[in-house]
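*Asks:* sequence and predicted structure are below.
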Amino acid sequence: MLAPPNRLTLRSERRLTYAPSASTSVDGEPRAGRRSLGCAFEIIETLVLTLVIYLVIHNFVAQPFEVQQQSMVPTILSGEYILIDKLSPRFGSYGRGDIIVFHPPQGAAEDIPYIKRVIGLPGDTVTLENGNVLVAPPDGRAVRIDEPYVARGIDGTASPTMPWAGSGQTTWEVPPDTYFVMGDNRSVSQDSRAFGPVSTDLIIGRAWLRYFPLDRVGIMEHPAYPAALDEHDGSPAASPATSRQHGLAAA
């Protein structure tokens, strides 16, 4: 009699597999940590890019400036904010009537930037006579300039332009690479009558736009001067295209 075959009992083996946790990446590193690190890099990259753009604009294109003096009243008042154009002067010189912001020259009473109007260009001769301003271009005759922007007295007449107190000097020859500047509020402005023409190296830029207060927002208007002077003004501000609008400010 044959013995019954051995009965083999097969047990199925169950393999347990574990799905990776939502907080763990395939290589085992926490995903939350990677996301945080990525966000941090993006924030740093954005900040660095923003800083670079700001520095480029601030140093080479435009710069905000708060006027802190009364010397350009009524054109610009103390406490107003203007935008300084630093780009266009790199491609041309400053023009007569431009308002420029510059570092205080030697002999200045204040150590904050000054803001004045360009009256005399390199090579000009500026003369004060009976309260008026006369400008003689190189190899040209002296011409009295009309200055409607100058502060006026109670009677409505323009304040006379007098020599700086204690100086008595009434004539200046403007050397190369310098500009003779004066404030519109002549009676209180310390300007080239006191410290002489301003070197180009000290100039920060041209006042271009007033952006505060809001009720006085606008591009600075450029004054008109006698044609005899414009013929000798080789700057962009002297051309018809640019003489209509340019700079104004205070200091």
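*Replies:* Received the coordinates, thanks.

*Asks:* the residue positioned nearest the centre of the chain sits in which helix or strand?
*Replies:* Most central in the chain under C-alpha atoms, centre = their mean is Ile84, positioned 2.3 Å from the mean C-alpha point. Assigned by DSSP states H and E, Ile84 belongs to strand 81-85.

*Asks:* and if you look at Thr50?
*Replies:* Judged by DSSP H and E, Thr50 forms part of helix 31-56.

*Asks:* show me where the stretch 51-200 of the chain has its strands.
*Replies:* Along the stretch 51-200 of the chain, the stretches classed as strands by DSSP state E, counting those that start in this stretch are 62-66, 81-85, 99-102, 114-120, 125-129, 132-136, 143-144, 171-173, 178-182, 198-199.

*Asks:* now distance to Leu214 and mean pLDDT too, for those, in TSV please.
*Replies:* For every residue, glycine as well, the C-beta is placed using N, CA and C. Listed next are the strands of the stretch 51-200 of the chain as TSV, based on distance: least, C-beta to C-beta, whole Å; pLDDT from 0 to 100:
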stretch	distance to Leu214	mean pLDDT
strand 62-66	15	91
strand 81-85	10	96
strand 99-102	20	97
strand 114-120	21	97
strand 125-129	37	97
strand 132-136	34	97
strand 143-144	37	94
strand 171-173	39	97
strand 178-182	29	98
strand 198-199	31	98
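
*Asks:* wait, what's in contact with Arg152?
*Replies:* Pro74, Ala158, Ser159 (C-beta atoms under 8 Å, 6 or more residues apart in numbering).

*Asks:* if we use 6 Å, what do you get?
*Replies:* Ala158 (C-beta atoms under 6 Å, 6 or more residues apart in numbering).

*Asks:* and the chain, what are its domains?
*Replies:* Taking automatic domain parsing as the reference, the chain has its domains at 23-63, 67-246.

*Asks:* on that earlier part again, hang on, the residue nearest to the centre of the chain packs against Leu209?
*Replies:* No. Taking contacts as C-beta atoms under 6 Å, Ile84 lies outside contact range of Leu209: 8.9 Å.

*Asks:* returning to what we had before: so what's the residue nearest to the centre of the chain closest to, chain neighbours aside?
*Replies:* Of all residues not flanking Ile84 in the chain, Gly205 sits nearest, at 3.9 Å (C-beta to C-beta, 6 or more residues apart in numbering).
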